[in-house]
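> Got a sequence here, can you build the structure:
(4 chains, ligands or ions: 2)
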Amino acid sequence: MEILRLPAELESLERFRKFVTERAAESGLDSRLIPKIELVLEEILTNQVMHAYKEREGEAEVACFPRRDGCFCLQLRDWGPEFDPLKQAAPDTAAPLEERRVGGLGIHLVKNMADHLEYRREDGKNILTVCFKKPAV
Amino acid sequence: MEILRLPAELESLERFRKFVTERAAESGLDSRLIPKIELVLEEILTNQVMHAYKEREGEAEVACFPRRDGCFCLQLRDWGPEFDPLKQAAPDTAAPLEERRVGGLGIHLVKNMADHLEYRREDGKNILTVCFKKPAV
Amino acid sequence: MLTIDESREAELTVLQLTGRLDAVTAPELEQRLATLAGDGCGKMAVDFGKLEMIVSAGLRVFLAFAKKCRKSGIRLALCRMQPVVYEVFKISGFTEILAIFPTREEAVRSLDS
Amino acid sequence: MLTIDESREAELTVLQLTGRLDAVTAPELEQRLATLAGDGCGKMAVDFGKLEMIVSAGLRVFLAFAKKCRKSGIRLALCRMQPVVYEVFKISGFTEILAIFPTREEAVRSLDS
Ligand SMILES: Nc1ncnc2c1ncn2[C@@H]1O[C@H](COP(=O)(O)OP(=O)(O)O)[C@@H](O)[C@H]1O
Ligand SMILES: Nc1ncnc2c1ncn2[C@@H]1O[C@H](COP(=O)(O)OP(=O)(O)O)[C@@H](O)[C@H]1O
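Numbers count the residues shown, from 1 in each chain, chains lettered A, B, ... in the order given. Ligands and ions are numbered 1, 2, ... in the order given. As a prediction, the model looks like this:
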């Protein structure tokens, strides 16, 4: 398990991204998976910056680890108020243009891109684990 | 506070070093202090690899943060058995060549290079805090 | 990093996006689109050929802009999305409400008809 | 990264160290010194001019080698240490037990006397 903790701010996105993509590449993951992993990472980090900490300062932590079955996993942690993204209602992606609400797509994308998602609240932390299967060759 | 956690192995030294020197540079530290900080970092990490975990695997964590008085601080953590380096006896640095024992200089160097050192044991972790004063200009 | 290259020919504006459309760069695009709409642009094609990644902050910009286009009569077509970018539009249901074409020619042609 | 450049002239071997002498690179130097001692080298100067950093693993190599030199009659001189490297030798008491000179000329001259 490798861990990077940085201030929860948009300026940290790039360093988190490098940290994760290097680990993903080392783990021998198919490079076509990398953009999906980046998307998931950025959506969750952005939510931590925008929603978990709103106007106040805080920290975000990203851990990378391989699962025994060969999946590549991320764990994202913040010290914001309890928030379970898996309980969010899905946006109506079938509404016509005029009726579509702007926003609310980040968690929906995360749910669709990840192969496995798990949320837990522990020691005052939100802990979201996201796993990606290595595609069969 | 920024934190990096990696497997405790010599291969991680270089990444820890980059992490710390980039933070030190960002903090506006005098560049002449950097080699001292690197020395302290490497001595402690090497001890974690060699002694805290001996033959077994484990993790090392490095945090960087500024202290209110302007000091640049590192915090090094491991999950090895309790070990307080501040309680180690100083080596005899005045013995003639024939009588000098090989080794045992790492902690001595750390004590001499750092401006402030603090050890505590917490939650099964060894936590060593090391601070460096910004030299007066 | 996002680069926005613009070319104009009469009523048609073509934007070429290069790089990443993420939470950091989305405001730049939003700003640029607002300026173009204010300038009275009538038809716009956006070429995604060199865009490597888009996140929901980028989708948000396109949805808001498409709504504005609908109201003010600007015609909008998107084209040349890489597979992962297209997948993001697809999962979000945006492929049903935006005009997306494989090639720039088709996108431009659709704006003329 | 550590580079060890070697030049020989009759009985004298000069090693020039470039880079960092740390826990990763110290074994390389230890190995090289052992080979030289085994080859029957009689006088050795080590030029630290391009060595940026040394940690205790590097000191360990020099102390062990200096002991071996004393026993086997090899003459050893070190030179051109950067301030931080010299400080490490000083704090460890090594400036008292090893011959350290500001210039390479002085180091080589000391081996002849
Ligand atoms: N980490 C978080 N803490 C608290 N609330 C959150 C968090 N992440 C998301 N939310 C809430 O869930 C909503 C949906 O999030 P998301 O799908 O990412 O879309 P967006 O952030 O664009 O609104 C957000 O608007 C916010 O109210
Ligand atoms: N993290 C640690 N855990 C347990 N023992 C340690 C640790 N660090 C150092 N030691 C002990 O302290 C001794 C002195 O350490 P040090 O001064 O760094 O010299 P060296 O590692 O070269 O022996 C080591 O030999 C070891 O026995």
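> can you list contacts of stretch A:94-109?
Residues outside stretch A:94-109 that contact it (CB atoms under 8 Å, 6 or more residues apart in numbering or on different chains): A:39-40, A:43-44, A:46-47, A:85, A:88, A:90-93, C:55-56, C:59-60, C:63-64, C:66-67, C:70, C:88, C:91-93, C:96-98. Yep, even glycine has a C-beta here, placed from its N, CA and C like the rest.
> distance of the residue in chain A positioned nearest to ligand 1 from chain D?
Proximity of chain A to ligand 1 (CB to the nearest ligand atom) peaks at A:G106, 2.4 Å away. Note on A:G106: its distance to chain D, by CB to the nearest CB, to the nearest Å, is 42 Å.
> do stretch C:22-33 and chain A meet?
Yes: part of stretch C:22-33 sits near chain A under the criterion CB under 8 Å from any CB of the partner chain, namely C:D22, C:A23, C:V24.
> I'd like the distance from the host helix or strand of C:E105 to the chain centre, please.
Using DSSP states H and E, C:E105 maps to helix C:104-112. Put simply, helix C:104-112 sits 13 Å off its chain's centre (CA atoms, centre = their mean, to the nearest Å).
> ok so, going back, neighbour-wise, which one of the residues of stretch C:22-33 next to chain A leads?
Neighbour counts for these peak at C:D22, which has 24 neighbours (criterion: other CB atoms under 10 Å in any protein chain shown).
> who's in contact with that one?
A:L13, A:E42, C:L2, C:M53, C:I54, C:V55, C:A57, C:G58.
> In chain C, spot the helix with the most residues.
Determined from DSSP state H, the single longest helix within chain C is helix C:56-72.
> Is that helix positioned near chain A?
Yes: Helix C:56-72 reaches chain A (CB under 8 Å from any CB) through C:S56, C:A57, C:L59, C:R60, C:L63, C:A64, C:A66, C:K67, C:R70.
> outside of that helix, which residues touch it?
A:43, A:46, A:97-98, A:100, A:102-103, A:105-106, A:109, C:21-23, C:25-26, C:29-30, C:33, C:37, C:44, C:74-76, C:78, C:88-89, C:92, C:94, C:97-98.
> at 7 Å what do you get?
A:43, A:46, A:97-98, A:100, A:102-103, A:105-106, A:109, C:21-23, C:26, C:29-30, C:33, C:37, C:76, C:88, C:92, C:94, C:97-98 (CB atoms under 7 Å, 6 or more residues apart in numbering or on different chains).
> Any buried residues in it, and which?
Buried residues in helix C:56-72, defined by neighbour count with 16 or more other CB atoms under 10 Å in any protein chain shown: C:S56, C:A57, C:G58, C:L59, C:R60, C:V61, C:F62, C:L63, C:A64, C:F65, C:A66, C:C69.
> from those, which is closest to chain A?
C:S56 (4.1 Å; CB to the nearest CB).
> burial of C:E106, as a residue count?
15.
> for the residues of helix C:56-72 next to chain A, which one is nearest A:A8?
Proximity of the residues of helix C:56-72 next to chain A to A:A8 (CB to CB) peaks at C:A57, which lies at 15.9 Å.
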